[in-house]
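Engineer: Build me a model:
(chains A and B)
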Amino acid sequence: QSVLTQPPSASGTPGQRVTISCSGSSSNIGSNYVYWYQQLPGTAPKLLIYRNNQRPSGVPDRFSGSKSGTSASLAISGLRSEDEADYYCAAWDDSLSKVFGTGTKVTVL
Amino acid sequence: EVQLVESGGGLVQPGGSLRLSCAASGFTFSNYEMNWVRQAPGKGLEWVSYISSSGSAIYYADSVKGRFTISRDNAKNSLYLQMNSLRAEDTAVYYCASYYYGSGRCFDYWGQGTLVTVSS
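Structural biologist: Here you go, the predicted structure:
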């Protein structure tokens, strides 16, 4: 089963905008919804974005998602120290498996 | 308060078996799709298995197909993962995760995880 490709790291100073990319294929991102998760150190993942660009209740609007073709991206605007975490994209594949991205560690400088 | 509490993890020898449980409370468990997701030490997330809200649809990752069995008991608000023929590469924290989408809203809850260590 395939894995979605993310950059291993991203960083920014407080207040900056950081973007994380997620590259897949026609069988996953290209034909299914994209989800984004945030995993703070030592904790379980938390859903940030569902159905490409929707935020669950309680997720700040500083987080936004988009999708184009077989790629997706997560943007964090107004970066804050508490955003320092690992971020994962995910999507269902047409083979009836869920695939996660390789993960991106965001550092707030 | 919404809670998902995993149990059943521990140390097991290669080739052995374990049964993980996930007890749900604070939400209508029978409405939610459930997944098991694992994370090897220092590594990323890996999806393991899915079961629909009624239990009628079940999917597995290729890496566990034929060895792991997912099930649920909606009357007991519980999710299970029977793991057989365990291998060293199955060592990970196992999370149960719930998902519901309806009426334009989404709810997604995760447990705190239970550690499975496969080693002799």
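Engineer: do stretch B:60-69 and chain A meet at all?
Structural biologist: Yes - Stretch B:60-69 is in contact with chain A by CB under 8 Å from any CB of the partner chain, via B:60-63. The C-beta positions use only the backbone N, C-alpha and C, and glycine is treated the same way.
Engineer: For the residues you listed, give me CSV that also has pLDDT, secondary structure and neighbour count.
Structural biologist: Formatted as CSV, the residues of stretch B:60-69 next to chain A follow (pLDDT from 0 to 100; DSSP: H, G, I helix; E, B strand; the rest coil; neighbours: other CB atoms under 10 Å in any protein chain shown):
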residue, pLDDT, secondary structure, neighbour count
B:60, 98, strand, 19
B:61, 97, coil, 19
B:62, 97, coil, 9
B:63, 97, coil, 16
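Engineer: Buried residues, stretch A:76-90. List them.
Structural biologist: Using 16 or more other CB atoms under 10 Å in any protein chain shown as the test for burial, stretch A:76-90 gives A:76, A:79, A:83, A:85-90.
Engineer: how about it, does it get close to chain B?
Structural biologist: Yes - judged by CB under 8 Å from any CB, stretch A:76-90 comes into contact with chain B at A:86, A:88, A:90.
Engineer: where does residue A:2 land on pLDDT?
Structural biologist: Looking at residue A:2, its pLDDT is 69.
Engineer: Show me where chain A dips below the pLDDT cut-off.
Structural biologist: A:1-2 (pLDDT under 70).
Engineer: how about the residues of it near chain B?
Structural biologist: Within reach of chain B by CB under 8 Å from any CB, chain A has these residues: A:1, A:37, A:39, A:43-47, A:50-51, A:54, A:56-57, A:86, A:88, A:90, A:96-103.
Engineer: Quick check, residue B:53 in contact with residue B:27.
Structural biologist: No - counting by CB atoms under 8 Å, residue B:53 stays clear of residue B:27, with 11.9 Å between them.
Engineer: What are the contacting residues of the longest strand seen in chain A?
Structural biologist: Criterion DSSP state E: the longest strand present in chain A is strand A:85-93. With CB atoms under 8 Å, 6 or more residues apart in numbering or on different chains as the test, strand A:85-93 has contacts from A:1-2, A:4, A:6, A:20, A:22, A:24, A:27-29, A:32-41, A:45, A:48, A:72, A:74, A:98-101, A:103-106, B:44-45, B:47.
Engineer: Sheet-wise, list the partners of that strand with their directions.
Structural biologist: Here strand A:85-93 has these sheet partners by DSSP bridges: strand A:34-39 (antiparallel), strand A:97-100 (antiparallel), strand A:104-108 (antiparallel).
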